[in-house]
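Participant: below is the sequence, then the predicted model.
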Amino acid sequence: MSTLIDRTLLKTKMTPPAARETLVRRERLFRLLETGQSGRLTAVCAPAGYGKTTLLGEWTRSASRLTAWLSLDEHDNDLAKFWRYAVHALAMALPEASLPRSIPLAKALPNLSTATLLDSLINELFACSEPVVLVLDDYHAIVNDEIHRSLSYLLEYLPPHAHLLIASRTELPFPTGKWVARRECVNLSVPELRFTMEELEAYRSGMADMPLSPRQLDKLLERTEGWVTGLQLAFISLRSQANRERFIEEFQGHNRNVADFLFEEAFGHLPADVRAFLLRTSVADRMNAAVANAVAEREDGRRMLERLNELQLFLLPLDEQDEWFRYHQLFATFLRGMLKKDDPEGWLRANLLASESYAGLGLLGEAIDHAIAAGAFALARTLLEKHITTAFRQGELSTLLRWFGSLPENDAWPEDMRLLYALILAITGQADLAETQLAAVKRGLARIEGEAERLAVRSGMLFVESNAIFFSGRFERWHTFAEGASGHMMPGSRIFYDVNYNLTEPLVRRTALGLKGMLNSHTEAVGLGFLQVLETHGWQDSFIGLYVRQSLAEGYYEWNRPADSRRFARGLEQAAGRIGLPGLCVPLAVLCSRLLLADRLPQQAIETIDRAMEAAEKYEDAHWLSYLRAAKARIYLAEERVAEAKKELAALGLSDKDKPAFNREFEYLTLVRLLLRQRKSTPAVRLLEWLKPQAEREALLSSLAEISLLQAVAEHGRGQRAAAMRSLREALAIGEANAYARCFLDEGAAAAELLQAYAAAGETAHAEYAARLLAALPAASPAAAGRAKPPELVEPLLESELALMDFIRRGATNQEIASELALSIGTVKVYLSRVYGKLGVNSRTQALNKAARLGLLDDRG
């Protein structure tokens, strides 16, 4: 099990229900489940009460393969939350460190696309040799189409040794016909799940007080049509019947009809204290003794839970320690319906007590749900205010929207809460709904008596409206809007400003707040204007103030305005360190090291990274330290200290044969630069071809420019001129649109060589911009000197030609080279002749001596 498991997740959701002593082992169904493992999907679809969860739980415990379990409910209709749980469930089942990339990606949702997470997860499942099954129980609770589409995507590309097993009360809401046709999908439904006579006899044999005749058992089976829960209810009711024969004869129908009858029969014959306990505790989706005591308002919750378990009253243990339990969903539904109908005040009070109990246990999400169910909206708002930062941090914006949407429109909300709702709507791109909430706040202004209070609310409205304009990309409108209003647009509550906008990225420009690399005069004006307003109101050290400042500093660096970049970075280190924000401290260290390197102070740049690495040792998330190692390696590469860069990257466990995931792009682009220094262009191109589609999917402009430029360098290095110019045009297009400079300048001689070739080829697209970049490149930078054409070399060797020299160094014959490269001997001779011509030699021995003297093969292992 991974040590990276998120401690905020409920392990009971990722643990199959504990075994029951009276369980009937259904071997025939086990065999069907085992048969399904040869395909990619098993669907167990039947109405409630057919024993789906019990069957899959027992099969999971006895399965020979690794099995991950996830119990779902209606609260999981949040894309980020669903996949965070699914990935962690798999991590709990798989061997240690099986999902080192997917777990951080899951944590980063929704700041990146789900497809990026799924690509990483699929790749890591491919790499894991162990057969693994992911069980999704109660999938009918999921109604989010985004989740259905993402699960269908996972199913499409699932590795051969991985399997999905889904239990649902309804048919699966995504297409499965293709897998059925290919015999890769097994369906278990009502006909298979019904109890057989043999299973019914096995079930009855565990009850010494239930001596029923074969005819009576047959009649029970007929009346219930093998419905498992109906049979359980019948046996519970039969215990209290004086005339069992008549009871069996009298009830008819199946599923919910018989359920209503049998539940009422079973419930009506229970002792009064048990009935009261069941009704009150039915409001809880899960409970331990403390929750049971609080909700039922008694002190013997533990004993009552044990008693219910002995009576087999549909109480399911959720862990092996018998600490947490839940009722069977059908039974819970029946009890809740009865409580709402017969004692509506009791229903509200039980939910209120459940909310208070969950809050006391730190389970604020569940506490909020119960407060809403209790109609205790003031309590719900209080809990929501406490929990909103955590929910923001975990990316559960859909859940936040659901909670806000559950609070009544006509309720007297505190205006800052309504404004927070509008802010989340704006961040999630729902500008129209955000404006609806702002209109409601505006209508409420007249009810506010104090002028100071009205001004505070009006400020909050302006702040949220400015964010709605900003996140929708309407920067010109923001500038017009902010003029004259900027002095009065700051709400008074700190919660608006202390959202942590960067949990995953090495640079703030890569985040949504940093507009994913977009730079123009409008974004600069918005940033400066917003920062000025923050500073005027004393919020300059709030999270958003620090992040805006860092984003501006990074933008000015990219624009090659180092003085402005230093000015905005100044003072950030102390504030960021005091607050303890890795998402700010690490990007700041990376930026400062780049500024120092641009000033040709490489040792100070390394020392800056070293100090940051010392601090990062204390961070909970390891990716921050990885980013800093990669940044240090980049400094070494810029100084042509290739061996030291290689050593730094070795600590990250990267390989040019990997399938890199988006969350490690920064490290892999550093590896690409190392490969290019080693003249290994082909593996560099392969890595870039993996990374580029992910950057496109994330719409990350800064990455797309960087990747395209590195592709151009790599293709140029292996003699693919057309491909190199095509990639360079892509980089220039993005660069010119955003006035990028350092993206090109930091590549030194490699970029200069490309831009010279671009000009020489007479390229007209972006020609003026390319000329400005070329003019800004130093004529003889250390990097340029290190990568210049070696003396005495007529023409640089291509990557393929260096590979030929490597074969010669190893003593390979022409025949062996031809066989290895799938060429004819004649073609090999032609290629070798070209190499000899470039080196100005006539033989293998002379070629090897010249290559050794020029150091051409030093970096090739």
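Facilitator: On my side now, so go ahead.
Participant: from now on I want contacts and neighbour counts done on CA atoms only, so please keep to that.
Facilitator: Fine.
Participant: and stretch 515-534, how far out from the chain middle?
Facilitator: 28 Å (Cα atoms, centre = their mean, to the nearest Å).
Participant: sort out which residues of it are buried, please.
Facilitator: For stretch 515-534, the neighbour count (16 or more other Cα atoms under 10 Å) marks 515-519, 522-524, 526-527, 529-534 as buried.
Participant: count the residues that sit near the closest residue to Trp83 other than its chain neighbours.
Facilitator: Among residues not flanking Trp83 along the chain, Ala106 sits closest, at 6.5 Å (Cα to Cα, 6 or more residues apart in numbering). Using other Cα atoms under 10 Å, Ala106 has 28 neighbouring residues.
Participant: residue contacts, Ala106?
Facilitator: Neighbouring residues of Ala106 by Cα atoms under 8 Å, 6 or more residues apart in numbering: 80, 83-84, 87, 117.
Participant: you'd agree it is in a helix?
Facilitator: Yes: assessed with DSSP: H, G, I helix; E, B strand; the rest coil, Ala106 lies in a helix.
Participant: distance check, it against Asp273.
Facilitator: Counting by Cα to Cα, to the nearest Å, the separation of Ala106 from Asp273 is 45 Å.
Participant: what does Met613 give?
Facilitator: Going from Met613 to Asp273 by Cα to Cα gives 61 Å.
Participant: the two: who's more crowded?
Facilitator: More crowded of Met613 and Asp273, by other Cα under 10 Å: Met613, with 21 against 9.
Participant: let me know the pLDDT of the nearest residue to Ala705 once chain neighbours are set aside.
Facilitator: Excluding the flanking residues, the one nearest Ala705 by Cα to Cα, 6+ apart is Ala731, at 4.4 Å. Note for Ala731: predicted pLDDT of 97.
Participant: could you do Arg65 as well?
Facilitator: 85.
Participant: can you check Leu455 too?
Facilitator: Leu455 is assigned a pLDDT of 73 by the prediction.
Participant: how about low-confidence regions in the stretch 751-861 of the chain?
Facilitator: Within the stretch 751-861 of the chain, the segments meeting pLDDT under 70 span 779-795, 799, 858-861.
Participant: hang on, Gln216 packs against Phe247?
Facilitator: No: the pair Gln216 and Phe247 fails to qualify as a contact (Cα atoms under 8 Å) at a distance of 10.5 Å.
Participant: before we move on, the earlier item: ok, the buried residues of stretch 515-534 vs Arg634, which is closest?
Facilitator: For the buried residues of stretch 515-534, the closest approach to Arg634 (Cα to Cα) belongs to Gly517, at 20.1 Å.
Participant: residue contacts, the closest one?
Facilitator: Gly517 touches 509-510, 700-703, counting by Cα under 8 Å, 6+ apart.
Participant: again with Arg302
Facilitator: 288-289, 292.
Participant: again, 6 Å this time
Facilitator: Ala289 (Cα atoms under 6 Å, 6 or more residues apart in numbering).
Participant: in three-state terms, label it for me.
Facilitator: Following three-state DSSP, we place Arg302 in the helix state.
Participant: please parse this structure into its domains.
Facilitator: For the chain, the structural domains run 11-193, 197-269, 654-788, 799-854, going by automatic domain parsing.
Participant: can you read off the pLDDT for Gly337?
Facilitator: Per the predicted model, pLDDT is 87 at Gly337.
Participant: same question, Arg474
Facilitator: pLDDT for Arg474: 65.
Participant: over to Leu462?
Facilitator: On pLDDT, Leu462 comes in at 72.
Participant: could you measure from it over to Ala723?
Facilitator: 49 Å.
Participant: which residue of the two possesses the greater neighbour count?
Facilitator: Leu462 (21 against 16).
Participant: surely the more buried one forms part of a helix?
Facilitator: Yes: counting by three-state DSSP, Leu462 is found in a helix.
Participant: any idea how far Pro693 is from it?
Facilitator: Taking Cα to Cα as the measure, Leu462 falls 38 Å from Pro693.
Participant: how many residues are close by the nearest residue to Gly39 once chain neighbours are set aside?
Facilitator: Leaving aside its sequence neighbours, Gly39 sits nearest to Glu184 (Cα to Cα, 6+ apart; 3.8 Å). When neighbours are counted by other Cα under 10 Å, Glu184 registers 18.
Participant: what pLDDT does Glu184 get?
Facilitator: Here the pLDDT value assigned to Glu184 is 89.
Participant: do Leu515 as well
Facilitator: Looking at Leu515, its pLDDT is 81.
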